[in-house]
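> I'd like to go over a predicted model; first the sequence, then the structure.
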Amino acid sequence: MHNESLEKLRGVISTLIGPDGCPWDKKQTPESLCDNFIEEAFELVEAIRSGDKHEAMEELGDVLFLALFLAELFDKSGDFNLSDSLNNSSAKMIRRHPHVFGDCKVKDQDELLKNWEQIKRKEKKESDKIFDSLPKGLPPMLKAYRINSKAARAGFTYPSDKIAEEQLQSEWNEWQEALNKGSEAEIEEEFGDYLFTLIELGRRKGIKANTALDIANNKFLDRFSKLEDLARENGSDITDLDLDELNRLWDKIKNN
């Protein structure tokens, strides 16, 4: 059934970019679709995190549509086809999971991840440096998480959570010192160091900073929307209320 659905969608794409297809689709290139792919991926993530299964189903289809669209364009240009890409991915996953598909034994997840990183480095024949496989276009917060994660797999991390917490406090103190007597550049740099260390402490606790911040953003937006509604119910606009009044309504929303 999946193969039938897959072929149906590939047929739709072939028609769209064919001689009698859509003018917009026919002029697309892999490069021009990059932003569309990123946007659809974000929409899928938003649907998953919201818990809306129907929306997730729809957005997953949109992501797959663009993935197949890209495969079709590469196929037309003679670079590679969908089978090449899928076979390469299958071989890669088998190669990177010797503890599942081979006779390799691992004692825990830390050893598993270290093996994964070593296998990836062997695959990248052009370089043997740890961070060369890190995508340059990652958003800064996600990049910080990945940097800390890769460093930890190489054994370069704090010996304990307690020491990581002490380092975080040290970074906070350095930021406070910069605020008191530093330049704008120093203040920004020390704030960045504090965030970087905070993200690492979260990682050690099993928290992904990007996900946690997204939850906090959505929580704030939801409460602020309710704040606007509550102010209107009282015959006011939030721009007409002072901070004490806003805080009183905000606390009321939080308590409810």
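Cool, got the structure. Numbers count the residues shown, from 1 in each chain.
> go ahead and confirm Ile187 touches Glu174.
No - the pair Ile187 / Glu174 is not scored as a contact, 10.3 Å apart, by Cβ atoms under 8 Å. The way it works is simple: take the backbone N, C-alpha and C, and place the C-beta from them, glycine included.
> and the contacts of the helix or strand bottoming out on mean pLDDT in the chain?
Of all the helices and strands that make up the chain, helix 109-123 has the lowest average by mean pLDDT, DSSP states H and E, namely a mean of 75. Helix 109-123 has contacts (Cβ atoms under 8 Å, 6 or more residues apart in numbering) with 92, 95-96, 98-99, 104, 106, 128, 130, 133, 150, 153-155.
> gap between that helix and the chain center?
Helix 109-123 sits 21 Å away from the centroid of its parent chain (Cα atoms, centre = their mean, to the nearest Å).
> got the buried residues for it?
Across helix 109-123, burial judged by 16 or more other Cβ atoms under 10 Å covers 112, 115-117, 120-121.
> ok, now stretch 191-211?
191, 193-204, 209-210.
> out of those residues, which one has the lowest pLDDT?
Here the lowest pLDDT out of the buried residues of stretch 191-211 sits on Asn210, with 92.
> what's the helix or strand for that one?
When secondary structure is defined using DSSP states H and E, the element that contains Asn210 is helix 209-233.
> and what of Asp251?
Going by DSSP H and E, Asp251 is in helix 243-255.
> which residue packs closest to Leu241, ignoring adjacent ones?
Using Cβ to Cβ, 6 or more residues apart in numbering and skipping residues adjacent in sequence, the residue nearest Leu241 is Ala231, 6.3 Å away.
> burial of that neighbour, as a residue count?
18 (other Cβ atoms under 10 Å).
> state the distance from it to Ser225.
11 Å (Cβ to Cβ, to the nearest Å).
> rewinding a little: just the buried residues of helix 109-123 now: which is nearest Ser14?
Among these, Lys120 lies closest to Ser14 (Cβ to Cβ), at 34.6 Å.
> gap between the closest one and Asn36?
From Lys120 to Asn36 the distance is 28 Å (Cβ to Cβ).
> kindly report the same for Asp79.
19 Å.
> neighbour count for the two, which is higher?
Remark: of Asp79 and Asn36, Asn36 carries more neighbours, 15 against 11, as counted by other Cβ under 10 Å.
> okay, that one: pLDDT?
Residue-level pLDDT assigned to Asn36 equals 93.
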